[in-house]
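Asks: Fold the following and give me the result.
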Amino acid sequence: MDRVDVDGLSIAYERVGEGPALVLLHGFVGDARSTWRRQLEALADEFTVVAWDAPGAGRSDDPPEGFGMAGYADTLAGFLDRLGLHRPHVAGVSFGGALALALLGRHPDLPATLVLTSAYAGWVGSLPAEVARRRLEDSLALAESGGEELEAALMPTMFAPGTPRAVVEEFAAAVRASHPDGFRSMARASATDLREVLPRVHVPTLVVHGDRDTRAPRTVADHLHAAIAGSTLTVLPGAGHLCQLEAPVAYNRAVRTFLRSAGPAQSGGASGTASTAGSTPVSSPG
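Replies: Modelled structure (predicted):
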């Protein structure tokens, strides 16, 4: 794992492979490796795959108080600049998907494409007001409770029943290791409203949804798909919120196909043309 300094924060990241750059953004629990291991292993044959530990997660420094989604987006922009990744593909899961939208909203020339996996336009922008309020309150309380209580509260919502135990336990270990201050920061950043960004998304966009996801249900994916012109929706049968871990073969195939059709990212050139609208079910859970 490598490190880079961005505005005084030490940011840890994994970088593997060669080819067009694909940047992976994890959710508000977990870290780069626990969230994206199967993509780091599988997609490095065709892409330079970079997965960061967001400020407050994994081996990265905690952000300052009041960081907010804007702080995460600007730090991500600085991170990409430090690594020389000026037009990468950007894929995020859950909070990471919201962060990808915030990055485009604040730095519209940076992403070549977006892959929004189990994503939100912020909790406030995608969930009923009472659900978003309660989710933030519960998250802030869990930040004070420690890793085991965080694991007990969140893990049942992360995976569909029947997910292999080894997959669940690997991610659970990262949840138990969450930084209290970092988790609190990402929870507060998640409770934002990014709906105004959606009609301004001008790059090819893939929305990926696991059809057994209870944290970001199908209505959330449908709203993102409808609001982002030219986007493509892919549904992974039998997968839950962390569908990239539950159905890695199907997920990686969908992402690879989409990125090939969208055109090259840097390290090559500008983004490709807009992807075709529509819903593309993927029948194999991988």
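Asks: was I right about residue 54 contacting residue 25?
Replies: Yes. With contacts counted by Cβ atoms under 8 Å, residue 54 reaches residue 25, the gap being 7.1 Å. Placement of C-beta: from N, CA and C, glycine included.
Asks: Can you check which residues contact both of those two?
Replies: Listed contacts common to residue 54 and residue 25 are 76, 96, 99; contacts here mean Cβ atoms under 8 Å, 6 or more residues apart in numbering.
Asks: which one of these is nearest residue 167?
Replies: Comparing the shared contacts of residue 54 and residue 25 against residue 167 with Cβ to Cβ places residue 96 closest, at 18.4 Å.
Asks: Identify the spatial nearest neighbour of that closest one, chain neighbours not counted.
Replies: Distances taken as Cβ to Cβ, 6 or more residues apart in numbering put residue 25 closest to residue 96, at 3.1 Å, once the chain neighbours are dropped.
Asks: Equivalent analysis for residue 136, please.
Replies: In space, and not counting its chain neighbours, residue 136 is closest to residue 191: 4.3 Å by Cβ to Cβ, 6+ apart.
Asks: for the one you found, what are its contacts?
Replies: Here residue 191 is in contact with 122-124, 132, 135-136 (Cβ under 8 Å, 6+ apart).
Asks: where along this protein do the strands fall?
Replies: With DSSP state E as the criterion, the chain has strands at 2-6, 9-16, 21-25, 48-52, 89-93, 113-117, 205-210, 232-236, 278-281.
Asks: which strands and helices sit next to the second one?
Replies: To tie it back to what came earlier, the one meant is strand 9-16. strand 2-6, helix 32-42, strand 48-52, helix 68-82 (3 or more Cβ pairs under 8 Å, 6 or more residues apart in numbering; DSSP states H and E).
Asks: Mind doing that once more with 10 Å?
Replies: Where contact means 3 or more Cβ pairs under 10 Å, 6 or more residues apart in numbering; DSSP states H and E, strand 9-16 is packed against strand 2-6, strand 21-25, helix 32-42, strand 48-52, helix 68-82.
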